[in-house]
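K.L.:
Sequence and predicted structure, then a few things I'm wondering about:
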Amino acid sequence: MQWREWREYFEANARRPLPPCDACDLPAAWRAPIVRSLARFQLGESGEGRIARDIWAVALDGIDDDYRVALGLFVREEGRHARILAEHVRALGGRLLTKSWTERAFRRVRRAAGVREKLAVLLIAEVVGIAFYGAVARRLPRGALRAALEDICRDEVAHLAFHRDFFRTQTRAPAARAAFAFACAVGGAIAGAVVLFDHRATLRALGIDRDDLAASMHELLGSTLRSVDARCTPSVRERLGAGAPRQHATRCCSSRPALAVLPARPSA
């Protein structure tokens, strides 16, 4: 039932049109660093296609064909994010990137890893994206760009829950949970440091405190890892809000991403 619900969730999302895009009126000092950051995230959002093929070639406990279809739809949704970001980069007078050192590094890690490890990298990327998109959106004036980043951020919250559910099926043994948590903690620390360094000009221009952003990423990753170690799994509707996943996730982009973004450990 769980994976069928996720498939239906992503199928419904796939019918959404792209949001409107216009040339956002930004302070001159903001424009160049924001364009650079959006272009780098756009490149990252467009590079996940291989996992959608790889998942059909492996047999893993706890998943079925509904999960495999849902994963492919997740990849398509990330592609939608890439198209949204591309439109805004162009609207701001910027150019899209074909390569960056961070994208090359993460691509090499994904290609050298197995399916579970690739999905762990994607989970960490969702944490980074939620924190970064949310922090930038909160600094922007009301308009198409802010609305687009908030929309992407809300999608990423659902993506994080989707990946969290997968790892609940893969880490039932205490040793597996401990290894997963350790790997994610190390990977999350590295990814967070990379983002803080690579997007330092944007953080400085928008007045985003580096320590606050780092704390947001740390708290959200910790919340996710704790919720992986839950003894029962609520339905997708319960996790995302009955029929209203976007309202449930709005807290992520309206204030600092908090532990409430993901559900607390269910009671026994």
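P.N.:
Cool, got the structure.

K.L.:
Would you state the helices of the stretch 1-150 of the chain in chain order?
P.N.:
2-13, 28-45, 49-54, 65-91, 101-112, 115-139, 144-170 (DSSP state H, counting those that start in this stretch).

K.L.:
Buried residues, the third one. List them.
P.N.:
In this case it means helix 49-54. 51, 52 (16 or more other C-beta atoms under 10 Å). No exception for glycine: its C-beta is placed from N, CA and C like everyone else's.

K.L.:
Check which helices and strands it is in contact with.
P.N.:
Where contact means 3 or more C-beta pairs under 8 Å, 6 or more residues apart in numbering; DSSP states H and E, helix 49-54 is packed against helix 65-91, helix 101-112, helix 115-139.

K.L.:
With respect to burial, which of those helices scores highest?
P.N.:
Among the helices and strands packed on helix 49-54, ranked by average contacts under mean count of other C-beta atoms under 10 Å, first place goes to helix 115-139 (a mean of 23).

K.L.:
what angle sits between it and helix 28-45?
P.N.:
Angle, helix 115-139 to helix 28-45, by axes from the mean of the first three to the mean of the last three C-alpha atoms, to 10 degrees: 160 degrees.

K.L.:
what's the distance between helix 115-139 and the middle of its chain?
P.N.:
When C-alpha coordinates are averaged (C-alpha atoms, centre = their mean, to the nearest Å), helix 115-139 and its chain have centres 4 Å apart.

K.L.:
ok, residue 219 to residue 179 distance?
P.N.:
Separation of residue 219 from residue 179 (C-beta to C-beta, to the nearest Å) stands at 22 Å.

K.L.:
Out of the helices of the stretch 1-150 of the chain, which gets the lowest mean score?
P.N.:
If these are sorted by mean pLDDT, helix 101-112 sits at the bottom with a mean of 66.

K.L.:
From residue 189, how far out is residue 171?
P.N.:
20 Å.

K.L.:
Comparing these two, which shows the higher neighbour count?
P.N.:
Neighbours of residue 171 and residue 189, each counted by other C-beta atoms under 10 Å, are more numerous for residue 171; the result is 20 against 15.

K.L.:
Disregarding residues adjacent in the polypeptide, which is nearest to that one?
P.N.:
residue 177 (4.3 Å; C-beta to C-beta, 6 or more residues apart in numbering).

K.L.:
Is that neighbour within a helix or a strand, and which one?
P.N.:
Assigned by DSSP states H and E, residue 177 belongs to helix 174-198.

K.L.:
That helix packs against which elements?
P.N.:
If you count contacts as 3+ C-beta pairs under 8 Å, 6+ apart, helix 174-198 packs onto helix 101-112, helix 115-139, helix 144-170, helix 210-228.

K.L.:
I'm done for today, thanks for sticking with me.
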